[in-house]
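Peer 1: Sequence first, predicted model second:
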Amino acid sequence: MSRTEQAIAYARAHRARFLNELQEFVSIPSVSTLSEHKGDMERAAEWVANQMRAVGLENVTILPTAGHPVAYGEWLHAPDKPTLLVYGHYDVQPVDPLNEWLTPPFGATVHGDTMYGRGASDMKGNVHGTLKALESLKSNGGIPLNVKVLIEGEEEIGSKHLGAFIDQHRDLLQADLCLNADSGILAPDMPSITYGLRGLAYFELWVYGPSQDLHSGTFGGVIANPAQVLCELVAGMHDANGKITLPGFYDDVRAMTEQDRADYARLPTSDEVWKAMSGVTELTGEKEFSANERAGARPTLEINGLLSGFTGEGAKTVLPAKAMAKISMRLVPHQDDMAIEGMLKKYVAAHAPNTVRWQVKKVTASAPGVLLDRDSMGARAASAALRETFQAEPIFLAQGGSVPIVTMIQEKLGIDSVMLGFGLPDDKIHGPNEKLHLPNYYRGIETFIRFFEHIANGHATSN
């Protein structure tokens, strides 16, 4: 048997232990955005570090940042072989609304082929899978390439301290390629590789009126209502055809090629699938593009939250003093993420009445869209590994989500990434009842084993 075959046999023989370990990992409530979970964040980082030590990685350490710590380990005993930086994160989203969970969010409950728990899919399953692939190789002839593993704790809050961390540890993190396992595939038996990611810009739009809340009977019809003004501003951000009306918003959007449209046409997510996944009866958006194209290749503007006036039980006749909308925009490659704020302000300035004051606040650092090379060494190795594991030709796709770390690593370390992970579109990440399809967790480990071998040997082809 080859080393790859031995490592895969080892992984299959140890599935029960791997599953128990993953349950331990998912049971840690490592919610990065909530300060009451600071101790859990430290516990999760130490858990990851202990896993690295068990694998046999060296120089394993917990490195501080200005926020939550980074777990780091390495194996650098493959002369003349490439060095791979493996990226992942151990932090998870909050669990609200708790009453909609059917199992305890941190119970790591297994029913049949499914594990339920916050972070099981996003992305503790993939983090653990990469480590188990390395363990399987280490125990069966050795890890065939040089590996540096960086698992951070702030991805779910924008990796806001990771840039400074990379600057501080630039020499430590130098590599030839980055494996970013924060990704997924289209269906349990349909492997895919993400080569495009939309960027993100996130703002709060505040509208201010009177100095305090007023009696709506006394002042209604006399004083401009900030909630009404905000609603009108938000409603005007799209036209009747679903186009975004911010001035200049589409100036740098790349036209879709015939190859792009052919790739999207291959996707298995029909309109009916989109409806079923979301629980709606009709879809919306730009009519000249398919739902798959709108979700992956076109920019968006969405209202993520609204706040104003009285929202408690019963009635309170109040004219609110202020109103706020949280607005996110998913940006496609070539759009200038730094210019989007100016476009939003220009729109509001042109449409807000002089009876109110307004303010645009940038909530998080923006991130540009990403377009990766489909013929790179990493993409070829990932394609070959998926093909061998799933016995199916992988599909290349651009996804709607944002992974700012891809751009950060390219800009700061000068290395490209390959996106290779095994979450599914219906895993309900960020929502109640997040789940992980366990057969793909196991196949993911086998794919990572093959991927590491292909990178080490440098002979992966596109066929």
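Peer 2: Here it is on my side, so go on.

Peer 1: and the host helix or strand of Y72, which strands flank it?
Peer 2: Using DSSP states H and E, Y72 falls within strand 70-75. Strand pairing for strand 70-75, using DSSP bridges, gives strand 58-63 (antiparallel), strand 146-152 (antiparallel).

Peer 1: Quick one: the helices in the stretch 351-463 of the chain, in order.
Peer 2: All helices of the stretch 351-463 of the chain, identified by DSSP state H, counting those that start in this stretch, fall at 377-390, 404-413, 438-457.

Peer 1: hmm, who's touching the shortest one?
Peer 2: Put plainly, it is helix 404-413. Applying C-beta atoms under 8 Å, 6 or more residues apart in numbering, the contact partners of helix 404-413 are 85, 87, 155, 158-159, 162-163, 166-167, 170, 173-175, 178, 180, 182, 197, 199-200, 365, 367-368, 370, 372, 415-417, 419. For every residue, glycine as well, the C-beta is placed using N, CA and C.

Peer 1: what angle sits between that helix and strand 146-152?
Peer 2: Angle, helix 404-413 to strand 146-152, by axes from the mean of the first three to the mean of the last three C-alpha atoms, to 10 degrees: 130 degrees.

Peer 1: picking that back up, list the neighbouring strands of the next helix or strand after the strand holding Y72 plus their orientation.
Peer 2: Remark: after strand 70-75, the chain's next helix or strand is strand 83-89, criterion DSSP H and E. In the sheet, strand 83-89 lines up against strand 146-152 (parallel), strand 177-180 (parallel) (DSSP bridges).

Peer 1: quick one: strand 83-89 to helix 438-457, angle?
Peer 2: Using the same axes, to 10 degrees: strand 83-89 against helix 438-457 is 160 degrees.

Peer 1: Render the CA-only coordinates of strand 83-89 in PDB, please.
Peer 2: The C-alpha trace of strand 83-89 is given here as PDB (Å, rounded to 0.1, in the frame of the first residue of the first chain):
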ATOM      1  CA  THR A  83       5.500  24.800   2.600                       C
ATOM      2  CA  LEU A  84       1.800  24.900   3.100                       C
ATOM      3  CA  LEU A  85       0.100  27.300   5.500                       C
ATOM      4  CA  VAL A  86      -3.100  25.800   6.800                       C
ATOM      5  CA  TYR A  87      -5.700  28.400   7.900                       C
ATOM      6  CA  GLY A  88      -8.800  27.900  10.000                       C
ATOM      7  CA  HIS A  89     -10.700  29.400  12.900                       C
END
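
Peer 1: Figure out how far that strand is from the centre of its chain.
Peer 2: For strand 83-89, the separation from the chain centroid amounts to 15 Å (computed by C-alpha atoms, centre = their mean, to the nearest Å).

Peer 1: let's have the chain start at 32 instead
Peer 2: All set: I'll call the first residue 32, so the last point we hit is now strand 114-120.

Peer 1: Next secondary structure element downstream of that strand?
Peer 2: strand 140-142.

Peer 1: Give me the buried positions along the next helix or strand after that next one.
Peer 2: Note on strand 140-142: by DSSP H and E, the next helix or strand toward the C-terminus is strand 145-147. By 16 or more other C-beta atoms under 10 Å, the buried positions in strand 145-147 come out as 146-147.

Peer 1: who's in contact with strand 145-147?
Peer 2: With C-beta under 8 Å, 6+ apart, strand 145-147 has contacts from 50, 53-54, 57, 133-134, 138-141, 156, 464-469, 472.

Peer 1: The helix or strand that comes right after that strand - contacts with which helices or strands?
Peer 2: Next along the chain after strand 145-147, taking DSSP H and E as the criterion, comes helix 156-169. Judged by 3 or more C-beta pairs under 8 Å, 6 or more residues apart in numbering; DSSP states H and E, helix 156-169 is in contact with helix 34-44, helix 46-57, helix 69-86, strand 114-120, strand 177-183, helix 469-488.

Peer 1: how distant is helix 156-169 from the center of its chain?
Peer 2: Distance, centroid of helix 156-169 to centroid of chain: 20 Å (C-alpha atoms, centre = their mean).

Peer 1: How about stretch 313-321?
Peer 2: 24 Å.

Peer 1: swap in stretch 109-122?
Peer 2: Taking mean C-alpha positions (C-alpha atoms, centre = their mean), stretch 109-122 and its chain are 19 Å apart.

Peer 1: Over to it now: how far is its first residue from its last?
Peer 2: Stretch 109-122 has an end-to-end distance of 31 Å (C-alpha to C-alpha, to the nearest Å).

Peer 1: rewinding a little: now, which of the contacts of helix 435-444 lie within strands?
Peer 2: 116, 118, 209, 211, 228, 230-231, 401, 448, 450 (DSSP state E).

Peer 1: Buried subset of those as a PyMOL selection?
Peer 2: Of those, the buried ones go into a single PyMOL selection, burial set by 16+ other C-beta under 10 Å:
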select buried, resi 116+118+209+211+228+230+231+401+448+450
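
Peer 1: Report the two of the ones in strands among the contacts of helix 435-444 separated the most.
Peer 2: The span of these, defined through C-beta to C-beta, is set by L116 and L231 at 22.7 Å.

Peer 1: For V260, find the nearest of the strands paired with strand 114-120.
Peer 2: Of all the strands paired with strand 114-120, strand 177-183 comes closest under C-beta to C-beta, at 40.5 Å.

Peer 1: Send me the closest one as PDB with only the CA atoms.
Peer 2: Extracted C-alpha coordinates of strand 177-183, given in PDB (Å, rounded to 0.1, in the frame of the first residue of the first chain):
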ATOM      1  CA  ASN A 177       6.300  21.300   5.200                       C
ATOM      2  CA  VAL A 178       3.200  22.500   7.100                       C
ATOM      3  CA  LYS A 179       2.400  25.600   9.200                       C
ATOM      4  CA  VAL A 180      -1.000  25.600  10.900                       C
ATOM      5  CA  LEU A 181      -2.600  28.800  12.000                       C
ATOM      6  CA  ILE A 182      -6.000  28.600  13.700                       C
ATOM      7  CA  GLU A 183      -7.400  32.000  14.800                       C
END
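
Peer 1: Give me the contacts around that strand.
Peer 2: Contacts for strand 177-183 (C-beta under 8 Å, 6+ apart): 76, 79, 83, 88, 96, 99, 101-109, 112-122, 158, 161-162, 165, 190, 193, 196, 203-204, 206, 483.

Peer 1: Same question for stretch 254-268.
Peer 2: Residues contacting stretch 254-268 (C-beta under 8 Å, 6+ apart): 236, 238-241, 245, 275-277, 332, 334, 337, 339-340, 350-356, 358, 378-379, 382-384, 386-387.
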